[in-house]
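only geometry, no sequence info:
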């Protein structure tokens, strides 16, 4: 994204006369799938710009589209639901996919323009394999390929077969996987394309669809079913707060014939729904990339795959990219979140507390992560006769990968320790005289990727507590986290 020029108004070109080649939807739900090489699938081509009537969009929607240098859309769904044919139909594409066996096994990028009079807007569609039913491909492998080709996106078109009278288990599985991988907020960008809607039969009494009502009623039922799948998946991922993410969900019946050749049927309906959905989801917010600079397109959603969430849900990550080491500052935050708390030894005698504090007296704008470690009782009435000692540490990324350094800055006088309640709330101010280490060097803690703990020469900090080797006796001292019921 950083290499793209700053976004301004979309380029406006006078549309050239083109010969439009119609691409109908072919029902391929029962065909077999085989893996093919990229060379076999070929590179998609287009026959010319795609005319779309944009006059029914609002002024805000037209302005939003005009401000995009490219409208990027993910096309997702099971294998055999007509995704590739859908892409061919709405982009005047002549992809080799349509001339081969069912389904694509590669992520295909289809670029074109949609036109309205003298207006012209660049669009890019990403046709994807089905997640769970492509031979030789794992869901994580498909996501890995998608993540390698897509930085961000404005909308998702989810293809769902309108002629399926009942939902199938793989429908729920596919939707749940998408929402779990991309996050509940992705639902606000989804447009459901009900493919093969023109093949819904509502004739004789013996027809299942006929018993469901008119064609419009059948389509509405199928759309409501698909929308409910996304609502349920979002609720599972983000809880009750995700309800608003699916408000105003839309579906578009797709697949009816347009003999006039002017693309004013379902294709235009789908494009207008995509634009409206993307504009509504963007809500004018701005985003920043990892370097801190504003994203080239704040209206786009970053394709940030939640690999940890997928693993927590029990989904195989076979084919996923190797887990990258966390950024250095993130590793410091990970250690802090793990170490903070109050601990007591197995024998009830050893006590330690770790709190996040603010450094009083530091120069303005100096940002550092500072923790206060208190060894011994925390309550003032129990701290007499040297029963309690403390130390202030500044935390920073280590010089080696996967390490955190603890630099001792000094200690706080016993009578200046903040009250326990203030320490437990976090952010209590302590007096720091300077960055002196009192003759001791920094302590280096290494991150253990096997169990998520941090360990040094004599200490290991994990979710279960702290294990420390007594330097005098060599014995291991195990300190577990205090429960709320335990008195301090």
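Noted; the coordinates are in hand. Only a predicted model underlies this, so the values are computations on that prediction, with no experimental measurement involved.

hey, where'd the helices end up in the stretch 301-450 of the chain?
307-312, 328-339, 420-425 (DSSP state H, counting those that start in this stretch).

tabulate the ones you listed in TSV, adding columns for mean pLDDT and mean neighbour count.
C-beta coordinates here come from the backbone N, C-alpha and C atoms, glycine included. Shown next, in TSV, are the helices of the stretch 301-450 of the chain (pLDDT from 0 to 100; neighbours: other Cβ atoms under 10 Å):
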stretch	mean pLDDT	mean neighbour count
helix 307-312	84	14
helix 328-339	88	16
helix 420-425	90	15
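
got CSV for these, with distance to residue 195 too?
Rendered in CSV, the data for these read as follows (distance: least, Cβ to Cβ, whole Å):
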stretch, distance to residue 195
helix 307-312, 27
helix 328-339, 42
helix 420-425, 55
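
closest one to residue 394 among these?
Taking Cβ to Cβ, helix 328-339 is the member of these nearest to residue 394, at 10.2 Å.

distance from the chain centre to that closest one, please.
How far helix 328-339 lies from its chain's middle: 21 Å, per Cα atoms, centre = their mean, to the nearest Å.

that one packs against which elements?
strand 369-375, strand 389-397, strand 403-410, strand 443-447, strand 454-455, strand 459-462 (3 or more Cβ pairs under 8 Å, 6 or more residues apart in numbering; DSSP states H and E).

check contacts around residue 148.
With contact set as Cβ atoms under 8 Å, 6 or more residues apart in numbering, residue 148 has no partners.

my read: residue 50 touches residue 113, true?
Yes - in this structure, residue 50 is within contact of residue 113 by Cβ atoms under 8 Å, at 7.2 Å.

overlap in contacts of those two?
Counting by Cβ under 8 Å, 6+ apart, the residues touching both residue 50 and residue 113 are residue 123.

coming back round to it: which of the helices of the stretch 301-450 of the chain sits closest to residue 385?
Here helix 420-425 is closest among these (Cβ to Cβ), at 18.7 Å.

show me where the stretch 151-300 of the chain has helices.
Under DSSP H, counting those that start in this stretch, the stretch 151-300 of the chain gives helices at 169-182, 208-212, 215-238, 266-282.

average pLDDT across the third one?
So that's helix 215-238. Helix 215-238 shows a mean pLDDT of 88.

buried sites along it?
Neighbour counts using 16 or more other Cβ atoms under 10 Å place 215, 218-220, 222-223, 225-227, 229-235, 237-238 of helix 215-238 among the buried residues.

secondary structure element holding residue 48?
Per DSSP states H and E: residue 48 is located in neither a helix nor a strand.

so how many other residues sit close to the closest residue to residue 116 other than its chain neighbours?
Among residues not flanking residue 116 along the chain, residue 54 sits closest, at 4.1 Å (Cβ to Cβ, 6 or more residues apart in numbering). The number of residues packed near residue 54 is 20, by other Cβ atoms under 10 Å.

hmm, residue 272 and residue 54 touching each other?
Yes - Residue 54 is in contact with residue 272 according to Cβ under 8 Å; the separation is 7.2 Å.

and the residue nearest to residue 116, how far from residue 115?
Distance, residue 54 to residue 115, by Cβ to Cβ, to the nearest Å: 9 Å.

and what of residue 417?
Applying Cβ to Cβ to residue 417 and residue 115 gives a distance of 71 Å.

same deal with residue 276?
Applying Cβ to Cβ, the value for residue 276 to residue 115 is 18 Å.

just residue 342 next, same as before
Per Cβ to Cβ, residue 342 is found 66 Å from residue 115.

repeat for residue 64
Residue 64 is 17 Å from residue 115, by Cβ to Cβ.

same question, residue 427
56 Å.

who's more crowded, the two?
Legend: neighbour count by other Cβ under 10 Å for residue 427 and residue 115, higher for residue 115 (21 against 11).

for the more buried one, give me its contacts.
15, 49-52, 121.

list the residues that contact residue 142.
Residues counted as contacts of residue 142 (Cβ under 8 Å, 6+ apart) are 107, 128-129, 131, 134, 319.

confirm it sits in a strand?
No - counting by DSSP: H, G, I helix; E, B strand; the rest coil, residue 142 is not part of a strand but helix.

can you pull the pLDDT of it?
Confidence for residue 142, expressed as pLDDT, is 83.

thought residue 171 was touching residue 229?
Yes - at 6.3 Å, residue 171 counts as touching residue 229 under the criterion of Cβ under 8 Å.

can you tell me the SS state at residue 76?
Under three-state DSSP, residue 76 comes out as strand.

for the nearest residue to residue 390 once chain neighbours are set aside, grab the count of nearby residues.
For residue 390, ignoring the flanking residues on the chain, the nearest one in space by Cβ to Cβ, 6+ apart is residue 374 at 4.7 Å. Neighbour count for residue 374, taken as other Cβ under 10 Å: 22.

quick check: residue 469 vs residue 458, distance?
For residue 469 relative to residue 458 (Cβ to Cβ), the value is 4 Å.

scratch that, residue 333 is what I was asking about
Distance from residue 333 to residue 458, by Cβ to Cβ: 24 Å.

who does residue 160 bridge with?
residue 194 (DSSP bridges).

do you know how far it is from residue 269?
15 Å.

comparing these two, which residue is more hemmed in?
With neighbours defined as other Cβ under 10 Å, residue 160 and residue 269 compare such that residue 160 has more, 26 against 20.

which pLDDT does the model give the more buried one?
92.

now swap in residue 480 and tell me
pLDDT, residue 480: 92.

what's near enough to touch the closest residue in space to it that isn't next to it in sequence?
With Cβ to Cβ, 6+ apart as the criterion, residue 480 has its nearest non-adjacent residue at 4.1 Å, and that residue is residue 465. Applying Cβ under 8 Å, 6+ apart to residue 465 gives the contacts 343, 478-481.

all the helices of the stretch 1-150 of the chain, in order from the start?
38-41, 59-67, 83-90, 139-149.

next one: the last one to chain centre, how far?
Pointing back at helix 139-149 there. Centroid displacement of helix 139-149 relative to its chain, using Cα atoms, centre = their mean, is 13 Å.
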